[in-house]
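Undergrad: from the sequence below, what's the structure:
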Amino acid sequence: MTAEPVPEEYGAVVPLRGGADTTSMPPHDLEAEQAIVGAMMLAPDAIAEVSAVMDPADHYRPAHETIHCAIIELHAQGRPVDPITLGHHLDQVGDLARVGGRAYLHTLVQTVPTTAHASHYAEIVHRLARRRRSIEAGTRIVQAGMAPDATEEDLREALALGASTLSGVWAEPIPLNHQPKLPPFPVHALPTWLADFTAAVAEETQTPVDMAGALALSVLATAAGGRAVVQVRGRWREPTNLFVVVALGPANRKSAVFATMTGPLYEAERMLLNAATAPIVEAELTAKMAREAADQAAAKAAKTEGPEKDLLVAEAIALAQAAEALTIPPRPRLLADDATPEVIATLLADQGGRLAVMSAEGGIFDIIAGRYSGTPNMEVFLKGHAGDRLRVDRRSREEYIEAPALTMGLAVQPTVLEDIGKNRGFDGRGLLARFLYALPESLVGHRKIDPDPVPEAVAARYERNVIALTLSLADWTDPAVLPLTPEAGAALSIYAQRLEPQLRAKGGRLGHIGKWAGKLVGATARIAGLLHLAGHLEDGYGKPIGATTMEAAVDLADYFTHHALTVFDLMGADAALSRARTLLEVLAASGWESVSRRDLFAKLSRSEFPTIADLEPAVALLEEHGYLRSETPPRTGKRGRPPAPRYLIHPRLREAQV
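TA: Numbers count the residues shown, from 1 in each chain. Purely as a prediction, here's the structure:
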């Protein structure tokens, strides 16, 4: 291995022992650094293990830091981190030549003794990095003190900069309930007429565009749900109904936005009802006359004696059967609100499997949980989302729905999500996994007093198009099948490949919400179908879904993924976060300066921490937030296992008990 040049910042460092050899190298271990990045390329599981111990900036060689950062970036995107993919990425960003080229990436893989020891190598590199920072801190202080023209301000700055690199100085910890800034709704993914109206409604009401945007998808799903399916591949078909929920605090004008977005659906429902009124009245009158004729024939037969009686009885039976066979068309319904699961099942059956539950409140969750019946009933919601056959037996009749397509569009307060997260039945049966979540940032306190109103032309086009889409599909009995172009299918496959590694229970970004994320590819196909129909209002059912539409659907899926991670944190779905909070309480109560892993584990409840492996994700989370530091004592001999790590505890936790 070639010698590394001494970085300029260490040039003036005088060693504590060994004379005044100013050319001695700062402490580092290039072999350990190479083994770390090589192991991360070979074993994706090693990425999480290494990240829990060290930071990319701990590398001595800048090339290793660059490669380490690139691996983390690719892994976070769900992409592979092999030398070929990594080399292509580094080449695209202009860093490939600086890190030694593709040949060096392959060399790193070949130098790995074993990926199982990646975390141990990381501990070595982290420990040496701390030593270098201590040297750098001391150098800064000495140089400032020796400079004849240094001012008091220079000395204070040197002390502050030096202190910031020393292990004994703690930064302010990041609260565990800290939420990352979530991405805004990608309005550009919507067809132009819908994007224009969505943005205009957000401006007029001074509400986050997320609310109108998410509800816009619910509106499309109400119009097309049960009337169109996406042919993904083979026998895999996805219906075009969606469950969407937007969470915003009070005073955010949810009702105003809700009424504006859903208004055309109520108008379309009224138009369908007007068109159906005459046939319904005619059928009702015909059925009434048939029943009366059957009743009269039965009465006549009852009064007759002799041979003629048998003929009259037979005639009465035939008339009764004919009356029974007559059906009265149901009154068209597109929307429901405060309805029980039993009523929703009946409405679904009456409406040929299509219905939407749209509400600006969260009361529907209380109803599902059994507000009226005392027993949770979510069967119609589970099967209504998936499109599974639904058979319901009533005392008076049997209801059978071949392919139900239930849509839900809800605007609730964040506390509603926290409450339903406590209902084990909702999560256990998979109801929460069926929703797309939006958690926009409130604009209250930052709103314009005189915003621009929605332009009349934009509003008229929105109403016209929603009604047209709804009415054009209303009479379909067999759903329109929307195939994918080869390019759209490839775009969806690439997205699925990016997503799949993130679903891993261990180390996957979405592992703790696997039930939800496992449905994400299907939800993306559904969104693509809705965008396609909205973009081709006149003939969408006769064209395949294109790649551009699929890419827009993927943008929306990425948006909902970021928001779902935060929402499920609110609902307590992340076991690591929940355990980290428990761990924080134990550390604060104990008042330790440091503690071994064994002693810490002994303090914890076995019901929440069954094994010591359950402790590690919580510890890693507390380290990321600055409450803990892992420190591995140096070896006392060459044989045996490396010493177990100890955890240094932020002084803030001890001070809280004073």
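Undergrad: which helix runs longest in the chain?
TA: The longest helix of the chain (DSSP state H) is helix 254-303.
Undergrad: other SSEs contacting that helix?
TA: helix 192-205, helix 209-224, helix 308-325, strand 335-336, strand 354-359, strand 405-412, helix 456-474 (3 or more C-beta pairs under 8 Å, 6 or more residues apart in numbering; DSSP states H and E). (Each C-beta comes from the backbone N, C-alpha and C, glycine too.)
Undergrad: in stretch 607-616, what counts as buried?
TA: Buried residues in stretch 607-616, counted by 16 or more other C-beta atoms under 10 Å: 609, 614, 615.
Undergrad: could I get the contacting residues of residue 580?
TA: 176, 617, 618, 621, 622, 625 (C-beta atoms under 8 Å, 6 or more residues apart in numbering).
Undergrad: any chance of the backbone angles for the third one?
TA: Dihedral angles of residue 618 (phi, psi; degrees, to the nearest 10) stand at phi -70, psi -40.
Undergrad: in this protein, what helix or strand scores lowest on average pLDDT?
TA: In the chain, no helix or strand scores lower on mean pLDDT, DSSP states H and E than helix 152-165, which sits at a mean of 57.
Undergrad: which intervals of the stretch 451-600 of the chain have sub-threshold pLDDT?
TA: 506-507, 572-575 (pLDDT under 70).
Undergrad: returning to that earlier point: could I get the buried residues of stretch 607-616 as JSON lines with pLDDT and distance to residue 519?
TA: Formatted as JSON lines, the buried residues of stretch 607-616 follow (pLDDT from 0 to 100; distance: C-beta to C-beta, whole Å):
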{"residue": "609", "pLDDT": "85", "distance to residue 519": "30"}
{"residue": "614", "pLDDT": "80", "distance to residue 519": "27"}
{"residue": "615", "pLDDT": "83", "distance to residue 519": "31"}
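Undergrad: now intersect those with the helices, please.
TA: residue 615.
Undergrad: what about the closest residue to residue 132 other than its chain neighbours, distance to residue 131?
TA: Nearest non-adjacent residue to residue 132, counting by C-beta to C-beta, 6 or more residues apart in numbering: residue 26, 4.9 Å away. Counting by C-beta to C-beta, to the nearest Å, the separation of residue 26 from residue 131 is 8 Å.
Undergrad: comparing these two, which residue is more hemmed in?
TA: residue 26 (18 against 13; other C-beta atoms under 10 Å).
Undergrad: assign that one to helix, strand or coil.
TA: Using DSSP: H, G, I helix; E, B strand; the rest coil, the structure places residue 26 in coil.
Undergrad: correct me if wrong: it contacts residue 133.
TA: No. Contact criterion C-beta atoms under 8 Å: residue 26 and residue 133 do not qualify, at 9.9 Å.
Undergrad: residue 620 - nearest residue in space that isn't next to it in sequence?
TA: residue 52 (4.0 Å).
Undergrad: phi and psi next, for that neighbour.
TA: Torsion angles, degrees, to the nearest 10, at residue 52: phi -70, psi -10.
Undergrad: pretty sure it contacts residue 618?
TA: No. Taking C-beta under 8 Å as the definition, residue 52 is not a contact partner of residue 618, at 11.0 Å.
Undergrad: which one's more surrounded, the two?
TA: residue 618 (23 against 17).
Undergrad: where do the domain boundaries of the chain fall?
TA: Per the record, the chain has its domains at 8-165, 187-276+331-570, 575-655, by automatic domain parsing.
Undergrad: count of residues packed around residue 346?
TA: Residue 346: 19 surrounding residues under other C-beta under 10 Å.
Undergrad: which element, helix or strand, includes it?
TA: Under the criterion of DSSP states H and E, residue 346 resides in helix 341-350.
Undergrad: I'd like the mean pLDDT over that helix, please.
TA: Helix 341-350 shows a mean pLDDT of 87.
Undergrad: buried set for it?
TA: Buried, per 16+ other C-beta under 10 Å, within helix 341-350: 341, 344, 345, 346, 347, 348, 349, 350.
Undergrad: I'd like to know which elements it is packed against.
TA: strand 335-336, strand 354-359, helix 379-386, strand 390-393, strand 398-401.
Undergrad: could you export these as JSON lines, including mean pLDDT?
TA: What follows is the helices and strands packed on helix 341-350, written out as JSON lines (pLDDT from 0 to 100):
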{"stretch": "strand 335-336", "mean pLDDT": "90"}
{"stretch": "strand 354-359", "mean pLDDT": "91"}
{"stretch": "helix 379-386", "mean pLDDT": "88"}
{"stretch": "strand 390-393", "mean pLDDT": "73"}
{"stretch": "strand 398-401", "mean pLDDT": "73"}
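Undergrad: quick one: closest of the ones you listed to residue 186.
TA: When the helices and strands packed on helix 341-350 are compared by C-beta to C-beta, strand 354-359 sits nearest residue 186, at 22.4 Å.
Undergrad: orientation of that closest one relative to strand 405-412 in degrees?
TA: Strand 354-359 and strand 405-412 are oriented at 10 degrees to each other (axes from the mean of the first three to the mean of the last three C-alpha atoms, to 10 degrees).
Undergrad: partner strands of strand 354-359, with direction?
TA: strand 335-336 (parallel), strand 405-412 (parallel) (DSSP bridges).
Undergrad: could I have the helix or strand following that strand exported to PDB, CA atoms only?
TA: Downstream of strand 354-359, the first helix or strand assigned by DSSP H and E is helix 363-369. The C-alpha trace of helix 363-369 is given here as PDB (Å, rounded to 0.1, in the frame of the first residue of the first chain):
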ATOM      1  CA  GLY A 363     -66.200   9.800  12.100                       C
ATOM      2  CA  ILE A 364     -66.100   6.900   9.700                       C
ATOM      3  CA  PHE A 365     -63.300   5.300  11.600                       C
ATOM      4  CA  ASP A 366     -65.400   5.300  14.800                       C
ATOM      5  CA  ILE A 367     -68.200   3.600  12.800                       C
ATOM      6  CA  ILE A 368     -65.900   1.000  11.500                       C
ATOM      7  CA  ALA A 369     -64.600   0.400  15.100                       C
END
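Undergrad: what comes up buried for helix 363-369?
TA: 364, 365, 367, 368, 369.
Undergrad: specify which member of those residues is nearest to residue 357.
TA: residue 364 (6.0 Å).
Undergrad: so who does the residue nearest to that closest one when sequence neighbours are not counted touch?
TA: Among residues not flanking residue 364 along the chain, residue 357 sits closest, at 6.0 Å (C-beta to C-beta, 6+ apart). The contact partners of residue 357, by C-beta under 8 Å, 6+ apart, come to 335, 336, 337, 339, 344, 364, 406, 407, 408, 409, 410.
Undergrad: run the last query once more with 7 Å
TA: Counting by C-beta atoms under 7 Å, 6 or more residues apart in numbering, residue 357 makes contact with 336, 337, 344, 364, 406, 408.
Undergrad: now the farthest one out in this structure, which residue is it?
TA: When each C-alpha in the chain is compared with the mean C-alpha position (C-alpha atoms, centre = their mean), residue 306 comes out farthest, at 77.7 Å.
Undergrad: all helices of the stretch 501-650 of the chain, in order?
TA: 514-517, 520-535, 547-570, 575-590, 597-602, 615-624 (DSSP state H, counting those that start in this stretch).
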